[in-house]
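J.: give me the fold of what follows.
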Amino acid sequence: MPTKRSIPQVTSPSKLAHIVLRTTDLAPMASFYKTFLGGHATHENDFISFITYDDEHHRIAILASPLTTPKVQGSAGLEHIAFTFPTLDDLVAAYQERKAHGIEPLWCVNHGPTTSMYYCDPDGNQIETQVDNFDDVEEAGRFMASKEFMENPIGTDFEPEDLIKRLKSGESHASIKKRIEIGPRSLPPGM
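T.: As a prediction, this is how the structure comes out:
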């Protein structure tokens, strides 16, 4: 009887370096991501913009190609890009700064492992900003294996202005990050 040979696991990368997005209109997309990320272009011309906000030479590249067609909502492909903030205060500060630029979230949800705000870029790509709700990966993993998460892997919606009021009232971050359990939930409409 033949035996299966064990195939070794591949070596994991050390980090995710960047995302490249195609667009039909470079200028508004590049402007949006520079504003959204508080970043700048490390190189830009009439068909590509390399944007960074940290020590990486670029985190997002926007490519305009004449072969690009508009995004078809609901088609297969990348659902969203997520960026993590260190604290709820940082997430709220970024929300308020973006709001001042006319960029508002389309959905705010406490998933359980994260408290998240979702935005949409000019081409309809979604971007998640989040803060981790647990102090370590193991604790988050235990929650994701829980009955509550199995019943509702989507989370509980919240209003960002209510989150701000809770923070200003002095409520603890731990209390705010604790997901309110609402029972079974499927994907929100339009997803």
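J.: domain ranges for the chain?
T.: 17-66, 79-183 (automatic domain parsing).
J.: what ranges does the protein have for its helices?
T.: Taking DSSP state H as the test, the helices found in the chain are 26-37, 88-100, 137-144, 147-151, 160-168, 173-177.
J.: would you turn the ones you listed into CSV with mean pLDDT?
T.: Putting these into CSV (pLDDT from 0 to 100) gives the following:
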stretch, mean pLDDT
helix 26-37, 98
helix 88-100, 98
helix 137-144, 97
helix 147-151, 96
helix 160-168, 98
helix 173-177, 97
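J.: for these, which one ends up most surrounded?
T.: helix 26-37 (a mean of 18; mean count of other CB atoms under 10 Å). (C-beta placed from N, C-alpha, C; glycine too.)
J.: that one versus helix 88-100: what angle between them?
T.: Angle, helix 26-37 to helix 88-100, by axes from the mean of the first three to the mean of the last three CA atoms, to 10 degrees: 150 degrees.
J.: so where is this protein shaky, pLDDT-wise?
T.: Applying pLDDT under 70 to the chain flags the ranges 1-4.
J.: that older thread, of all the helices of the chain, which one is nearest Ile7?
T.: helix 137-144 (24.8 Å; CB to CB).
J.: re earlier: now the helices of the chain in JSON lines, with distance to Pro184?
T.: Formatted as JSON lines, the helices of the chain follow (distance: least, CB to CB, whole Å):
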{"stretch": "helix 26-37", "distance to Pro184": "33"}
{"stretch": "helix 88-100", "distance to Pro184": "27"}
{"stretch": "helix 137-144", "distance to Pro184": "16"}
{"stretch": "helix 147-151", "distance to Pro184": "5"}
{"stretch": "helix 160-168", "distance to Pro184": "23"}
{"stretch": "helix 173-177", "distance to Pro184": "22"}
